[in-house]
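1. need a structure here:
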Amino acid sequence: MTTSVHDTRTSRPLSAPPWPFTGREEELELLRGALGAGRPGVVVTGPPGVGRSRLAAEAVRGTDRGTDGVRVAGCVRVAGTPETRGTPFAAFAPLLPEGVTLHRAVRLLSGVRLLLVDDAHLLDDDSAAVVHQLAVQGRTRLLVLAADGVPAPDAVVRLRSGDLLPRLALEPLPRADVARLLAAVAGTGPEPLTVNRLHRLAAGDLGLLRDLLDALPDREPLDRGPLDRGPDGRGPDGRGPDGRGPDGREWRWRGPVPVTPALRERAAAVLGRSRPEEREVLDRLAFAEPLPVAATVEGLDLDVLERLEADGLVRADDDATVRLAHPLHGPLLRAAAGRLRARRLAAGRPPCGAALEAEAAELLRRIDAADVRSGAAPVGDWLVGEGEPVPAWYAAVRARFARLRGELREAVAWAREGLAGAPRDAGCLSELDCAAQGLGEEFAPAAPSRPDPGGHRPRTPAALGPGSALGPGPGSGSALGPGLGPGLASAPGPGLGRASPPDSPGGGAPGRAGHGPPDRTRGRGAPTGAGTPHRVGAGDAVRRAAPAGGVFARHAEALARGDGPGLDGVAAELAERGFLLFAAEAHAQAARLHRDPRAARTARTRAVALARRCQGARTPALAGLVLGELTARQRQIVTLAAAGLSNRQIAERLTLSVRTVGNHLYGAYTRLGASDRAALPWLVDLPDARTA
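-> You can find the predicted model right below:
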């Protein structure tokens with residue numbers, strides 16, 4: 001008989017295995033290098049929950065493969081805890097005799113080869129002094145993990161500054177790595193808007209991300225349509241781009257955040273607030289944030305806001321508004337509110353229509369200014385997350401903005417959100433078609449919206465449909481709304497449009513009603529033909545359509561001149577403006593034109609790095625650079641490695657030595673500009689890669 005012990009807070013088995021180590025490859029190599037022979041060690045810092053302990057565990061586990069021969073058995077681990085901060089030498093109690101002095105403690109620990117100090121910010125003062133003295137002495141290799149932005153002993157603060165030991169500052173895991181992590185844990189990947197929501201709510205805390213995923217036992221499966229991935233419907237790594245499952249399926253999460261015991265504990269600071277006036281302020285912010293300070297002073301007590309700000313529960317923005325400090329608190333406060341309380345608080349929320357129009361107008365302004373680096377649109381994100389209907393005109397704007405940024409799967413997701421309520425909307429159909437072409441796949445339009453299974457009416461006071469307070473919206477004048485089209489608003493995107501005559505400024509998908517805005521909306525920004533500069537004969541059309549001196553005009557001119565360095569310069573500016581897929585293509589074009597092999601290799605490396613961030617985009621300009629310079633044997637080995645075979649398995653299949661396989665892979669990495677196997681599935685999965 002097997003007995004399973006569960007955590008009563010999460011219903012998760014206490015023996016649940018850790019999540020797979022995803023991302024952080026560069027940080028892992030840096031950490032292993034810092035633990036090498038002759039090195040004093042390193043201090044790893046970062047926000048709480050960023051994954052310091054897991055990274056350290058991976059680095060220590062790999063030290064038996066290091067050049068200095070340090071093994072796991074040579075590592076001693078200690079950790080600080082909140083409960084023992086007042087107990088002298090508490091962290092080293094198992095290693096030191098009772099009544100030890102600081103001098104003797106340092107002497108006894110000097111023989112440790114590798115000392116891992118976890119949660120150093122929670123050490124007692126004496127233990128922190130020991131670690132600091134060991135760092136000064138320099139005979140013990142130290143791996144010190146400390147959280148940023150939290151109180152710590154003075155000795156740890158000095159270590160955290162990086163003066164004594166090299167400092168590795170961890171940033172929150174990027175969205176793409178979060179998507180791959182969720183796919184690896186759940187077996188199938190979440191669709192992009194669900195990834196965005198989970199990434200936003202977790203705010204870089206991987207422990208919170210796990211609690212959120214555990215709170216979603218019933219995930220809604222989605223079928224995105226057939227995949228162009230091979231006869232078995234999968235890519236070489238068994239998963240689709242951006243972490244999708246091997247069968248191309250995805251799952252999504254809509255609706256309120258479940259108030260599980262684990263999440264309730266995470267939000268105890270707000271859910272357990274005992275003073276009624278403070279809870280009222282928190283609830284009002286949860287249903288109507290951000291609130292202007294002036295309006296807040298009229299309706300609420302400013303002293304209460306100041307107390308909450310001092311406790312780190314609310315924050316005041318530069319635009320004289322206040323909001324909840326953590327993105328998880330609002331959804332949990334809304335979910336925990338009773339039906340009557342929620343109805344009262346929702347009644348004070350301003351209509352969503354004006355906010356959506358403002359968000360769309362700002363995104364269009366950025367598109368017209370050829371700057372898509374960021375585009376905060378919290379109201380639209382909130383509506384999608386809560387499962388509320390989204391107007392098709394708004395969804396088309398979000399899809400276009402995402403597509404121009406190279407976020408093609410997110411563009412598909414937004415287009416499908418709009419088509420769920422308006423299946424024939426021309427703007428969303430056009431965006432879905434353009435993004436699907438860039439991915440080399442087909443996507444069926446989403447089914448009409450389903451009623452809320454819980455029977456809850458939308459909590460937004462204004463209905464989001466024709467005839468509501470929102471009205472017909474900016475999309476009433478054309479398929480995608482007036483103002484959508486100047487310049488980039490009507491560009492089909494790099495390599496995404498079907499072939500069009502050289503003199504046609506539009507490109508894109510001909511024959512589909514409503515593709516792009518009417519002619520009156522054109523005239524500024526990036527050219528409509530900028531999406532296909534790599535096609536033969538398109539350069540003249542681009543130069544005629546693009547504003548003189550603009551980045552897209554300079555791209556076309558550099559391409560026409562065969563100017564590799566010029567294309568690299570244009571690519572850098574495109575990347576800075578947020579056009580990652582355009583930038584990737586420009587670097588790919590430069591790689592073919594460079595006469596200097598080193599410059600070509602650099603351009604290829606940059607193209608691959610940018611394209612990997614574009615959610616599986618596969619365009620002709622990128623396909624040719626992938627395997628073209630490899631030998632036949634290298635291509636054979638790279639293809640097998642991308643399929644997941646180890647070096648030994650490849651050696652057995654090809655009757656080679658393991659060392660020979662490793663040498664071929666190393667040479668292939670150098671030519672491809674790849675750092676490790678993680679890049680190979682993406683590289684060999686481009687449409688022309690196998691024949692390049």
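2. how about the contacts made by the closest residue to His326 other than its chain neighbours?
-> When the adjacent residues along the chain are set aside, His326 lies closest to Ala203, with 6.5 Å between them (CB to CB, 6 or more residues apart in numbering). Any C-beta I mention is one placed from the backbone N, CA and C, and that applies to glycine too. For Ala203, the contact set (CB atoms under 8 Å, 6 or more residues apart in numbering) comprises 172, 326-328.
3. quick one, strands of this structure?
-> Listed in chain order, the strands of the chain (DSSP state E) span residues 41-46, 75-79, 114-118, 141-147, 167-169, 189-190, 220-223, 249-252, 291-292, 314-316, 321-324.
4. mean pLDDT lowest for which of those?
-> Lowest mean pLDDT within these: strand 220-223, at a mean of 69.
5. and that strand, what's buried?
-> Leu222 (16 or more other CB atoms under 10 Å).
6. neighbouring strands of that strand in the sheet, and parallel or not?
-> Using DSSP bridges, the strands paired with strand 220-223 are strand 249-252 (antiparallel).
7. return the partner strand as CSV; C-alpha atoms alone will do.
-> What follows is strand 249-252, C-alpha atoms only, in CSV (Å, rounded to 0.1, in the frame of the first residue of the first chain):
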residue,chain,number,x,y,z
ARG,A,249,-3.1,21.8,-28.4
GLU,A,250,-3.1,24.6,-25.8
TRP,A,251,-5.1,25.4,-22.8
ARG,A,252,-6.4,28.7,-21.5
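8. pull the distance from it to the chain's centre.
-> 17 Å (CA atoms, centre = their mean, to the nearest Å).
9. before we move on, what about stretch 184-200?
-> On CA atoms, centre = their mean, the centre of stretch 184-200 falls 10 Å from the chain's centre.
10. got a winner among the contacts of Ala203 for most neighbours?
-> Within the contacts of Ala203, Leu328 tops the neighbour count with 21 neighbours, counted by other CB atoms under 10 Å.
11. for the strands of the chain, which one sits closest to Glu386?
-> Comparing the strands of the chain by their distance to Glu386 (CB to CB), the top pick is strand 249-252, with 12.9 Å.
12. JSON lines please, covering the strands of the chain and showing distance to Leu213.
-> Formatted as JSON lines, the strands of the chain follow (distance: least, CB to CB, whole Å):
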{"stretch": "strand 41-46", "distance to Leu213": "21"}
{"stretch": "strand 75-79", "distance to Leu213": "26"}
{"stretch": "strand 114-118", "distance to Leu213": "24"}
{"stretch": "strand 141-147", "distance to Leu213": "23"}
{"stretch": "strand 167-169", "distance to Leu213": "26"}
{"stretch": "strand 189-190", "distance to Leu213": "9"}
{"stretch": "strand 220-223", "distance to Leu213": "14"}
{"stretch": "strand 249-252", "distance to Leu213": "11"}
{"stretch": "strand 291-292", "distance to Leu213": "31"}
{"stretch": "strand 314-316", "distance to Leu213": "27"}
{"stretch": "strand 321-324", "distance to Leu213": "22"}
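13. which of these sits most buried?
-> Among these, the stretch with the highest mean neighbour count (mean count of other CB atoms under 10 Å) is strand 189-190, at a mean of 27.
14. where's Ile367 relative to Glu417, distance?
-> Separation of Ile367 from Glu417 (CB to CB, to the nearest Å) stands at 19 Å.
15. whoops, Arg341 was the one
-> Arg341 sits 29 Å away from Glu417, going by CB to CB.
16. got it, and Thr260?
-> Per CB to CB, Thr260 is found 27 Å from Glu417.
17. same question for Ala57.
-> Ala57 is 40 Å from Glu417, by CB to CB.
18. more neighbours: the two, which one.
-> Taking neighbours as other CB under 10 Å, Ala57 and Glu417 compare with Glu417 leading, 26 against 18.
19. residues contacting the more buried one?
-> 193, 384, 390, 395, 446.
20. what about the third one, how many residues nearby?
-> Meaning Val390. Around Val390 there are 21 other residues, counting by other CB under 10 Å.
21. go on, the second one?
-> Applying other CB under 10 Å, we find 22 residues neighbouring Val384.
22. could you check how far it is from Arg416?
-> From Val384 across to Arg416, the span is 11 Å (CB to CB).
23. ok, the third one next?
-> According to CB to CB, Val390 stands 10 Å off from Arg416.
24. for the protein, which helix or strand comes out least confident on mean pLDDT?
-> In the chain, no helix or strand scores lower on mean pLDDT, DSSP states H and E than helix 538-545, which sits at a mean of 42.
25. on the pLDDT front, check the closest residue to Asp301 other than its chain neighbours for me.
-> Spatial nearest neighbour of Asp301, chain neighbours left out: Glu277 (6.0 Å); criterion: CB to CB, 6+ apart. pLDDT, Glu277: 90.
26. got it, and Ala591?
-> 90.
27. quick one: it and Val608 touch, right?
-> No. With contact defined as CB atoms under 8 Å, Ala591 does not reach Val608; the gap is 9.6 Å.
28. which one's more surrounded, those two?
-> Ranked by neighbour count (other CB under 10 Å), Ala591 and Val608 place Ala591 first, with 28 against 23.
29. state the distance from that one to Asp368.
-> According to CB to CB, Ala591 and Asp368 sit 31 Å apart.
30. likewise for Gly564?
-> According to CB to CB, Gly564 stands 30 Å off from Asp368.
31. poorly predicted segments of the stretch 151-300 of the chain, please.
-> 223-248, 294-300 (pLDDT under 70).
32. go again using 90 as the cut-off
-> Where the stretch 151-300 of the chain drops to pLDDT under 90, the residues are 161-164, 175-177, 180, 183-189, 216-252, 273-274, 280, 284, 287-300.
33. quick one: contacts for the spatially closest residue to Gly86 that is not a sequence neighbour?
-> Spatial nearest neighbour of Gly86, excluding adjacent residues (CB to CB, 6+ apart): Asp124 at 6.5 Å. Asp124 makes contacts with 80, 84-91, 153, as judged by CB under 8 Å, 6+ apart.
34. okay, Asp124: pLDDT?
-> We have a pLDDT of 95 for Asp124.
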